[in-house]
Structure formats: structure tokens, C-alpha cells
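Student: my questions concern the predicted model and sequence given below.
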Amino acid sequence: MGAVMVRVESHQRPVETRKRYNEEDRESHERPQEERSAAVRQGIVDKVETALSDPKVKSVVICGQNGIFCGGADIKEFGPKMSGPPLIPMIHAIEAANKPVVAAIEGSALGGGLELALGCHYRIAHSKARLGLPEVTLGLLPAAGGSQRLPRLIGVPAALDLITTGRHVTAAEALQLGIVDQVTDNNTVDAAVKFALSVAGQSLDARRISTYPCPQPSHLDALFEEVMQKVRQSARGAMAPVACVQAVRAAATLPYTQGLEREKELMATLFTSGQARALQYIFFAQRAVGRWRMPSGAGWDTSKHRPVNKAAVIGLGTMGQGITVALAQTGLSVVAIETQEKQLMKAKQAVSSTLERGAKRRGVAPPLDRISYSQNIQAVADVDLVIEAVFEDMGLKMEVFQQLSAVCKPGTVLCTNTSALDMDQLASETPNPELVVGMHFFSPAHVMKLLEVVYGPRSSPQAVATAMQLGKKMGKASVVVGNCRGFVGNRMLMPYSEQAFFLLEEGATPELVDRALEEFGFSMGLFRMSDLAGLDVGWRVRKSAGLAEPREASGQSARIRKGYRYSPIADLICEQGRFGQKTGSGWYQYDKPGSRVARSDPWLHSFLEQYRARHGLVARSIDHQEVLERCLYAMINEGFRILEDGIAAGPEDIDVIYVFGYGWPRHRGGPMFYASMVGLAKVLERLEHYHQAHPDVPYLQPCSLLKRLVASGSPPVHRWREVIKKLHSQL
Ligand SMILES: C[C@H](O)[C@H](C)C(=O)SCCNC(=O)CCNC(=O)[C@H](O)C(C)(C)COP(=O)([O-])OP(=O)([O-])OC[C@H]1O[C@@H](n2cnc3c(N)ncnc32)[C@H](O)[C@@H]1OP(=O)([O-])[O-]
């Protein structure tokens, strides 16, 4: 006997076994998750010990199961008391072995999985394998020696990049970096066994990474200062990226054992932090939204999607161009329709250059030949799915849907990219409203990860399943939501921005509000974001809602709409032609139209003072706490209304929407998770406080679902779905 195989059972089962698993591993699968993970570690310890003590065994191969090496520690197992053998001594025992131990890496070697492989003497990877230390994305750091071994193996700059970003690298890049010793296209385990036999009996002194000196770049201190500054800036308050830099610094400046101690200390500051819980919540929320369900009960596991091999985009404005790029990058054939010739030529150029840039970055050929352009809607006769992205005007969209109904083959799924119009009204323009759904992309559509898939009262589960499958193919975080004004994301944005406008009336400035939101972790505060998106977009929406009509310049009625408080400030500066970056001025001023650097604008400050004087408003000092409570709690309150209305099935849906589409800081878990962290009773009390102060602001009136959750003892966020289900069953 030569090489012995130690097989690692992973917690992520390939797709086909997720729905069913065979009898023999029913026993193992029915054991609690944490017991299973502890058993995996115990299994490795036992098998390696046996192999090392068996004189017939010359070398050992560690491999995974189901084509996956190991996705790391079991996130579900994280808690105060973890059972079974700890990772670090287990990996030390492997590294100290007197027989070669080779890791056969297939699928993923991530986190603790890569740390296990770094403890082995050699690493053989399949060409399709993905490797990385993504702990920072979970609010943690590589805590099984990874932050000490990786810098010793590949150098400080490369290790800093992988550990502070958590990005996965391909096997090819891992070979180039020196993480793996060989890459194979064939059976990895066979290749590893062959390799293990070939190195049997050879000295292993030079193969124990923890004994390596850490390469010292000449400008070590300057390098760490520069990286720490960059990391602090992009982290926007996230703790883990900073701790990752400190851990790698320990590797570069301390002996291995002391570095390992430092790694442990830093991990202890992160492990139970609110941020780690928020990031791990989002990890599972991203997977939970894939298990979508409609109020009818139909869902991901009961609805088969229609095959989509050819898709069409109608209207090649900014959104249409982004959607065309995103579709072409999936390998689909795309028909791009634009009736205006000039716009068609402009769009073709923009789409081609975007695809060329993307292909160059990925080192592949641009899929330009997959797209056919036409001014004639007849060209979509043989497509499987259409995404309409024409100008946001109901009349125009209804016309397009009438034309599509006449042209498209039976069964074609018709999707609208509207962000505010009633998609069910569009469905009425077709003989098959069951085939109509919303696919609400976010600009730029080929970059932004979020996709709201909107079902109307007549949308079929199959049409929803088809849109969700296409969203997955585009690499989107796709969330199924019901049809209502603004769906989920934009609907919650209304109370958020309304409060910000009211705060300006009461004495705040755009700078103060934005600073509070950016310190909270948003990449951009509301006013800077609005200037980027264009103030005319929101103005058009307020006009179509009958809110923005100009009224006489002073007195109470200018600030009342439909009996409730309203702030016309944004409408008034739009009337001045101030639409933000695109016009060179908005809530801030910019050097010239199109420039992105926002500077305080004295004109806007004096405009606010005159506005307050005209309406008899007295400015008062407003602190960051009030800005956060009013803007975020009003948004959260609307989130509860959305859950109550069944427009979103659970808090995870809302949180994934806000993290992937609205810049909500990921390390804060999303608006609903944040509410659970703050404490629902606190959120309710503060809303009641502000509603009492502003009884003419209905968005501040606490939602009954929030009251119900508080009354039932504020259950943890992952239990809200039960309360909501019970609520809906009683309705
Ligand atoms: C000491 C050490 O330093 C530290 C402390 C650590 O090691 S911290 C841990 C570090 N490891 C990670 O960050 C890797 C996280 N996982 C992934 O990135 C991906 O999963 C994947 C590996 C690239 C596969 O993607 P996939 O698209 O093929 O399938 P999936 O849908 O994502 O996953 C399939 C199923 O497996 C579940 N799952 C995946 N990884 C898991 C993990 N690490 N823990 C628990 N569950 C996990 C997931 O929730 C889903 O469950 P369900 O939804 O079916 O119920």
C-alpha cells in the first residue's frame, strides 16, 4: 500500500443531492449540522493518525467529496461552544507529519478549507477549482493559521490582497501565485495519488510553510500604512478588513507562534461582533431569496422555468444598453431593438465597447457576434423572452406590449424593466397576462447585482421561475417581490428621502445628512446619491404622483399634499434646472456638468434659509442620531408594511434588495436585520416619538406588524416569517 486517501465530507451538497439524498447518508445527514462538522474534523484527525502510524503507508492524500474539497468552517456551527477537535492543532499535526500529505483540490478550497490545504506539504488543484480566504466577507479573518501561512508562502502584498478582499482565485492564478504546486484537467485525486507516491520518502523540511521566514518587502511599513488607509476608506466602518491587515502585519513582523496568537486575539474581537453576525446573515439571506415563494404557495421547488436560449431588449437607452450587455455576457443570443436610428448606432457602439472592456479584463473574446440590432420589432418573433426597457411612460410601454403580443411566438415571457409603473396594467395589453412579469434592473444594469423580479396578480409561477433562472444566469441577486408602487426598494426609498427633505426644512443641510449616513456606512449619502442619479428622475416620479405641482410660494398649503405634510424643496430646486451632476449643480455644486466631485454650495444654503423664512420655519440644531433614526426608521417601518402586505415574503428579501441595490452597508445586514439588532422595541418607541412630533407624516406611524412583533417579545429576525405567515393566515 502506498498513498492513503482521507476524504473530507463537505457541508455543501451539490445541487442534485440537495433535493434528495440517498439512504446510506440519511443517518449522517440527519445528525445536527454542528455534530456533522465536528465529525468531519474528527474523521481527518483519526484517518491521518492511522495513516501516519501505518508503516505500509508512504504518503497521504486529502481530498473532498462530490467534487468539492472544502468550503471552510461551517458558518452555522459558529457559536460560543464548538464541539470536536479544533482546526489549528489538526492542521499542525498534518504539517508536522513525517510522510508527505498532498491536498487534492476540486471545486472549492475556501477559508478553513484552504487553511487545511496550506497545512499539507503539497497542493494539486483541478483547473476549474476556486481557492481563497473569504472570511473577511463574513466579518471574520482566516483563523486557522491562514493569515500566518499565506504571507509566508506567497509574500505580503499578494496575501494582503487575497485576505482583505476575500476574493476567490482560479487554479491558474493560484499556480502563478505559488499557492498550488500543480494544476490538472484530469481526475485530481488520481493526479494527487500519483504525485504523492512520487514524493514519498523525500525530506519535508522545506514543505512546512509555518517554518518559512516571511518575505520582507523593502518598504514594509509604508506598504502597511498605504494598505491600511485604503482598507479603512473602503471598509466604511467594517472591522474585519482592518483586523485582516493587522493579522498579516503580525505574520510579517512576528515569529509564527506569536503571529498565530495575534491572529487568535484579532479573531476574538470579530467572532461575536454584530458586524460578523450581519455579514453571515446576508450570506444565508442571499441563498434564502433563491428559495422564493408566491402568496399562492407556488415557488422555486414547484415551478419549472421555461428554457431561454434567445432574448430580446426593447429600447436601447442607458438601461437597455446595460441589460443587453448583461444578457450577452451569459452566452445567450440577443436581439436589441431601438426604433431611433441615431440612438441605435450610439447604443451599438456603447454596448460593443463595454463588452470589449469586460472581455479584456477576463482575458476572453468579446461576445459581439451574439447580438443582432434592429429598428424593427418584427425581429423578436422567435425569441423566448423579451425585456422592455423603453422610456418610463405608460402610454409608450402599453403600445410596445400590444406590438409584442402581435409579434412574439406563443409562450414568450414578456418582462418590463419599469421601476414605478403598474406592470399588471401592461399585462392587460396582452392576451397572456400570465406570461408578464417585471424584471427591475438597477443602473448600470450590467454592474449592479440586484434584480427585482415582480409578479402581478396574474403572473404565472413559471414566468417568475423563468425570470429568476435568467437572473441567476446573469449572476444577479434576484429577489421575487409583489407588484405595488415602487415594488420594495423604491417604495422604502420614499419615506427615507421624505424625512431627509423634512430635516432640511428643520435646519439640517445636505452635508450634515450625508455625513451621518456615510458614517453609518452608506457609500453615498442620500443627497450625493440623488445628484449622481439625477434629480429630474425623482421629480418626474413626484409629478406623475400629482405631488410636484408648483403652489403659491408661501404659507402652509405649499407644504401640504392630500392632507399630509410635504416638502416641495426638491421640486423648487429642480424648477431652477438643478438636476445634479449632469447639470453641474443640484444639492451640491460641481466644477462642470458631468463632474463627480461634490462641493458645498453657498447658493443652496441661502436658498434653504430663504425657504425657511418664507414658510415661517425656524432652523434648529439636528444631530446625526436624529438623522439616522428618522431616515432609517421611517424606511424600516415601510419595510414592515411591505411584509404585512405580502409584497416581500420575508426580511431577508428586503435586506438583500437594500444591500445589493441601494448601498446599504453590508456589515449592517440590511434595514430589517439592523432593526432587529437595534431592538424592535427601540425602533417602535422612536417612531412613536417622532410620529407624535409630526402627526401629519403617515410614514412615521408605526406599522401594526412591528407592534405585533414587539408584543410577541421581539423574536429574532429569522423567526419573523412565522409571525408574518400566521398574520396572513388570520387575514
Ligand atoms: C476557520 C476559518 O478561518 C474560517 C472561520 C472559515 O472557514 S469561515 C468560512 C469560509 N468559507 C466561505 O466563506 C465559503 C462560503 N461558501 C461559498 O462561498 C459558496 O457556498 C461556495 C462554497 C463557493 C459554493 O457555492 P454554490 O453556489 O455552489 O453553493 P451555495 O448555494 O453557495 O452553497 C450550498 C449550500 O451550502 C451552504 N454553505 C456553503 N458554504 C457554507 C459554509 N461555509 N458554512 C455553512 N454552510 C455553507 C449554503 O448555505 C447552501 O446551503 P443551502 O442554501 O442549500 O441550505
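Tutor: Received the coordinates, thanks.

Student: stretch 92-107 near the ligand anywhere?
Tutor: No. Using Cβ under 6 Å from any ligand atom, stretch 92-107 stays clear of the ligand, coming no nearer than 7.6 Å. Where you see a C-beta, it was placed from the backbone N, CA and C, and this is true even at glycine.

Student: what is the mean pLDDT for that stretch?
Tutor: Across stretch 92-107, the average pLDDT comes to 97.

Student: show me which positions of that stretch end up buried.
Tutor: 92-95, 97, 99-107 (16 or more other Cβ atoms under 10 Å).

Student: next one: stretch 64-82
Tutor: Gly64, Gln65, Ile68, Phe69, Cys70, Gly71, Gly72, Ala73, Asp74, Ile75, Glu77, Phe78.

Student: please name the nearest non-neighbouring residue to the third one.
Tutor: What that stands for is Ile68. Distances taken as Cβ to Cβ, 6 or more residues apart in numbering put Gly107 closest to Ile68, at 3.6 Å, once the chain neighbours are dropped.

Student: phi, psi of the one you found?
Tutor: phi 70, psi -110 (degrees, to the nearest 10).

Student: quick check: the gap between it and Arg362.
Tutor: When distance is defined by Cβ to Cβ, to the nearest Å, Gly107 is 21 Å away from Arg362.

Student: show me what contacts Phe579?
Tutor: Counting by Cβ atoms under 8 Å, 6 or more residues apart in numbering, Phe579 touches Gly534, Leu535, Asp536, Gly586.

Student: what two of the buried residues of stretch 64-82 are the furthest from one another?
Tutor: Greatest spatial distance among the buried residues of stretch 64-82 (Cβ to Cβ): Gln65 and Phe78, at 22.2 Å.

Student: need the pLDDT of the residue in the stretch 151-300 of the chain that the ligand sits nearest to.
Tutor: Using Cβ to the nearest ligand atom, the single residue of the stretch 151-300 of the chain nearest to the ligand is Arg287, 3.7 Å away. Arg287 is assigned 96 on the pLDDT scale.

Student: do the one 3 residues further on as well
Tutor: The predicted local confidence for Gly290 comes out at a pLDDT of 97.

Student: just to be sure, Lys397 is in a strand?
Tutor: No. Under DSSP: H, G, I helix; E, B strand; the rest coil, Lys397 falls outside any strand and is assigned helix.

Student: got the contact list for it?
Tutor: By Cβ under 8 Å, 6+ apart, Lys397 lies in contact with Glu388, Val390, Thr416, Thr418, Leu421, Leu426.

Student: same question for Val436.
Tutor: Residues in contact with Val436, defined by Cβ under 8 Å, 6+ apart, are 401, 413-416, 423-424, 426-427, 430, 456, 458-459, 463.

Student: redo that, cut-off 7 Å
Tutor: Leu414, Met423, Leu426, Ala427, Thr430, Gly456, Ser459 (Cβ atoms under 7 Å, 6 or more residues apart in numbering).

Student: let me know the pLDDT of it.
Tutor: pLDDT at Val436 comes out at 98.

Student: for Ser147, same thing?
Tutor: We note a pLDDT of 98 for Ser147 in this prediction.

Student: next up, the contacts around it.
Tutor: Leu141, Ile163, Cys244, Ala247, Val248, Ala251, Glu263.

Student: does it sit in a helix, a strand or a coil?
Tutor: helix.

Student: doesn't Val183 lie inside a strand?
Tutor: Yes. Under three-state DSSP, Val183 sits within a strand.

Student: which residue ranges of the stretch 101-250 of the chain form helices?
Tutor: With DSSP state H, counting those that start in this stretch, the ranges of helices along the stretch 101-250 of the chain come out as 112-119, 146-154, 156-165, 171-177, 188-198, 220-235, 240-253.

Student: so who does the closest residue to Met319 other than its chain neighbours touch?
Tutor: Take Met319 and drop its neighbours on the chain: the residue closest to it by Cβ to Cβ, 6+ apart is Ala389, 4.7 Å away. Counting by Cβ under 7 Å, 6+ apart, Ala389 touches Val313, Ile314, Gly315, Gly317, Met319, Gly320, Ile323, Asn417.

Student: which of these fall within helices?
Tutor: Met319, Gly320, Ile323 (DSSP state H).

Student: for Ile91, give its distance to Ala125.
Tutor: With Cβ to Cβ as the criterion, Ile91 and Ala125 are 18 Å apart.

Student: quick one, which of those two is more surrounded?
Tutor: Using other Cβ atoms under 10 Å, the more surrounded residue of Ile91 and Ala125 is Ala125, with 30 against 23.

Student: wait, that one touches Asp181, no?
Tutor: No. The pair Ala125 / Asp181 is not scored as a contact, 8.7 Å apart, by Cβ atoms under 7 Å.

Student: okay then, goodbye and thanks.
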